[in-house]
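Asker: sequence isn't available, so here's the structure alone:
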């Protein structure tokens, strides 16, 4: 191998290693699936489809399949073999996301119960899905005067639990620094799973009815 080819090979290997490491460092896809499940549980959506999910396909660039003896199975490409040699399996696999701690389950239970109380306010347009994955009192005049204090209290409690939920998921997975990214993912999933007619804030902060 010439010096130029050797340099190119080393550069390519370093780039591949860096790409895999960055992608695995924050498992956005796994966290989005976890957020979807939590949001649907809180909203009260049926989870049958999630329980019957087929096994996810192996992502491109994953380590080659091996038999029980550890030998590479037929069909493994040279690039896959090189990636397997360069990237330890711990880095090449998507990590499991833990969203089943006692603290998370307690927060979910509180939010599920509160959601039933919030439903009339969502439907009336009095409360909306605001930025930063929190609720906002959008139009207090949409409800009676006697209900406005109840609405304010429910929103304050819900936002307190939402902030605690995002922080708890980050802590439970050993990465408290993930909290902003987790919040961003939940911000999208609250809106994506909301029924039609509810209000949410777009990227510019304007209110939009779904």
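Answerer: In hand now; what should we look at? For clarity, every value in this text was computed on a predicted model and none was experimentally measured. Numbers count the residues shown, from 1 in each chain.

Asker: can you pull out the strands in this structure?
Answerer: 127-129, 135-137, 199-201, 207-209 (DSSP state E).

Asker: buried ones in the single longest helix found in the chain?
Answerer: As assigned by DSSP state H, the longest helix anywhere in the chain is helix 145-172. For helix 145-172, the buried set under the neighbour-count rule, 16 or more other C-beta atoms under 10 Å, comprises 147-148, 151, 154-155, 157-159, 161-172. C-beta coordinates here come from the backbone N, C-alpha and C atoms, glycine included.

Asker: go on, stretch 176-194?
Answerer: By neighbour count on 16+ other C-beta under 10 Å, the buried set for stretch 176-194 is 178-179, 181-187, 189-191, 194.

Asker: what's the neighbour count on residue 126?
Answerer: 21 (other C-beta atoms under 10 Å).

Asker: let me see the contact set for residue 154.
Answerer: Shown in contact with residue 154 (C-beta atoms under 8 Å, 6 or more residues apart in numbering): 114, 117-118, 121.

Asker: do residue 114 as well
Answerer: Counting by C-beta under 8 Å, 6+ apart, residue 114 touches 154, 157-158, 161.

Asker: wait, which of these is closest to residue 26?
Answerer: Using C-beta to C-beta, residue 161 is the member of the contacts of residue 114 that lies nearest residue 26, at 23.7 Å.

Asker: tell me the contacts of that closest one?
Answerer: Residue 161 touches 107, 110-111, 114, counting by C-beta under 8 Å, 6+ apart.
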